[in-house]
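J.: Sharing a sequence plus its predicted fold:
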Amino acid sequence: MRPTPLLLAALLALPLAVNAHGDRTHAPAAAEQTPWGIAGEAGQVTRTIALDMSDAMRFAPDSLTVEEGETVRFIVNNRGRMLHELVIGTPDALAGHAAMMAKFPDMVHDEAYMTHVDPGQAGEIVWHFNRSGRFEFACLIAGHYEAGMRGTLVVVPRTGVEQ
């Protein structure tokens, strides 16, 4: 019996698959660049910002300014009795994602620029702002964004750097 090309490919890939998942020392997936920045590293944090979320469908504070080049640790406290989340993005990306969540409320998503926080708990995002611009943060759980649970995030150009 002669092995098929598909079988050969599977057999050749087997050692890689076993090695990648057989030990816990493999590197995490590479961070993905977005228009609003890239996942940060905890050891590079330059500032910590605390945000509160409430069942009144509000963030406190609801407006933030950071400087391009900062790596920020967001500590997100859910002061309410229902699940909330913090998602960072462009206004268009958040509006599109909110519309998708409204259609598919049980959709599961998990990216470096978001955290889901159970009632009475805290979540964390570490984010490196390597792009200046006007962005937003929001809770995209079905109905929360539409109720006004969003805020403004302005990333100002780094001072002393020519554009």
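T.: Thanks, I have the structure now. The shown structure was predicted, so the numbers you read here are calculated from the model rather than taken from an experiment.
J.: Which residue ranges of the protein form helices?
T.: 5-22, 91-103 (DSSP state H).
J.: Could you check how far the most centrally placed residue in the chain is from residue 50?
T.: Nearest to the geometric centre of the chain sits residue 113, at 1.3 Å (Cα atoms, centre = their mean). In this view, residue 113 and residue 50 are 18 Å apart by Cβ to Cβ, to the nearest Å. In this view, the C-beta of every residue, glycine as well, is placed from N, C-alpha and C.
J.: Can you give me every residue that contacts the residue nearest to residue 139 when sequence neighbours are not counted?
T.: The shortest distance from residue 139 to any non-neighbouring residue, by Cβ to Cβ, 6 or more residues apart in numbering, is to residue 149 (4.1 Å). Residues in contact with residue 149 (Cβ atoms under 8 Å, 6 or more residues apart in numbering) are 53, 57-59, 84, 138-139.
J.: could I get the residues you listed as a markdown table with pLDDT?
T.: Converted to a markdown table, the contacts of residue 149 look like this (pLDDT from 0 to 100):
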| residue | pLDDT |
| --- | --- |
| 53 | 98 |
| 57 | 98 |
| 58 | 98 |
| 59 | 98 |
| 84 | 97 |
| 138 | 98 |
| 139 | 96 |
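J.: Relative to residue 33, which of those residues is nearest.
T.: residue 138 (20.6 Å; Cβ to Cβ).
J.: quick one, strands of this structure?
T.: Counting by DSSP state E, the chain has these strands, from start to end: 38-39, 47-54, 58-60, 63-67, 71-78, 84-89, 114-117, 122-128, 133-138, 150-156.
J.: can you tell me which of the helices of the chain the model trusts least?
T.: Of all these, the segment with the smallest mean pLDDT is helix 5-22, scoring a mean of 35.
J.: Tell me the confidence at the residue nearest to residue 139?
T.: Looking at residue 149, its pLDDT reads 98.
J.: which residue packs closest to residue 97, ignoring adjacent ones?
T.: In space, residue 97 is closest to residue 140, 5.3 Å off (Cβ to Cβ, 6+ apart).
J.: Lovely, talk soon.
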